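Q: Sequence first, then the predicted structure, then my questions.
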Amino acid sequence: MIKVVFLDIDDTLLSFSAYVREAIKSGFAKYHLHPVTDDIDELMAIYGKVNGALWRQLERGELGFDELIAIRWNRVFEAMGIAFDGPAFERYFRGALHESAIPEPGAKELLEYLQGKYTLCAASNGPYEQQVHRLDVGGMRDAFLHCFISEQVGVQKPDPRFFEHCFETLRMDGLDVRPDETILIGDSLTSDVAGGKHYGMKTCWYRKKTAPVPKGGAPDYIVDRLAQVQELL
């Protein structure tokens, strides 16, 4: 029986993709930047490819978070054919992100459904103060007993030490739950699903786009809409 539900933040509860889209539009206008294409979907695809590759390096321990934010927009701009100061745009990007709380469709309704039925914990990679503040802005913070954020924990998902910290903290609260009595819901196969499964947790992949189920390490559940979680729990 599931007792504790862990939920990822970016692109699970809060739409990071929607924020990036708005930041590209507003930031490029602010700095008068002219990429090789004006197609926002193409620009989003370029950003997603570069950023995704960097985050996978981060998850594997090949890159630190400070390194990631130092080089991210330089690499994005290079791919977009733009000559501009990447770190300067990163400061703009992260400043705006701090106040961004665009909910994923059905996220608030899901939290309302889960509250009172399960102990809820956020589980996210990223800066602690930023992620918690965004949950506050989005009116979601009070739903969680704990917000486990990688900066505070000291390691990133999918590192087993991230989950060890989570369960040790719950034990200190008097909640001595086994990993198989918990479920991790998230959009990332590499950090959420792989990390949770490796630790013995149940996992639910929020598959935002049509994608094949991976061979080996498949999630216990797959949902294409957050509302579908209510049919599982």
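A: It's in.

Q: what about Val4, neighbour count?
A: 22 (other CB atoms under 10 Å). C-beta here means a position set from N, CA and C on the backbone, and glycine is covered the same way.

Q: Return the backbone torsion pair for it.
A: Backbone dihedrals for Val4, given as degrees, to the nearest 10, come out at phi -130, psi 130.

Q: what packs against the helix ranked longest in the chain?
A: Longest helix in the chain, counting residues (DSSP state H): helix 40-59. Applying 3 or more CB pairs under 8 Å, 6 or more residues apart in numbering; DSSP states H and E, one finds that helix 40-59 makes contact with helix 16-30, helix 65-80.

Q: Same question for the residue of the chain most remote from its centre, what's its three-state structure.
A: Among the C-alpha atoms of the chain, the one most distant from their mean position (CA atoms, centre = their mean) is that of His32, at 29.5 Å. Secondary structure assignment for His32 (DSSP: H, G, I helix; E, B strand; the rest coil): coil.

Q: Report the beta-bridge partners for the residue positioned nearest the centre of the chain.
A: The centroid of the chain falls nearest to Asp10 when counting by CA atoms, centre = their mean (3.0 Å). Beta-bridge partners for Asp10, by DSSP bridges, are Leu14.

Q: hang on, the earlier thing: relative to helix 65-80, how tilted is the longest helix of the chain?
A: Using axes from the mean of the first three to the mean of the last three CA atoms, to 10 degrees, one finds that helix 40-59 and helix 65-80 are set 150 degrees apart in direction.

Q: Strands of the protein, start to end?
A: Using DSSP state E, the strands found in the chain span residues 4-7, 119-124, 146-149, 182-186, 202-206, 221-223.

Q: As TSV, those strands with mean pLDDT and distance to Glu168 would be great.
A: TSV is the format used below for these (pLDDT from 0 to 100; distance: least, CB to CB, whole Å):
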stretch	mean pLDDT	distance to Glu168
strand 4-7	98	13
strand 119-124	98	13
strand 146-149	98	11
strand 182-186	98	13
strand 202-206	97	19
strand 221-223	96	26
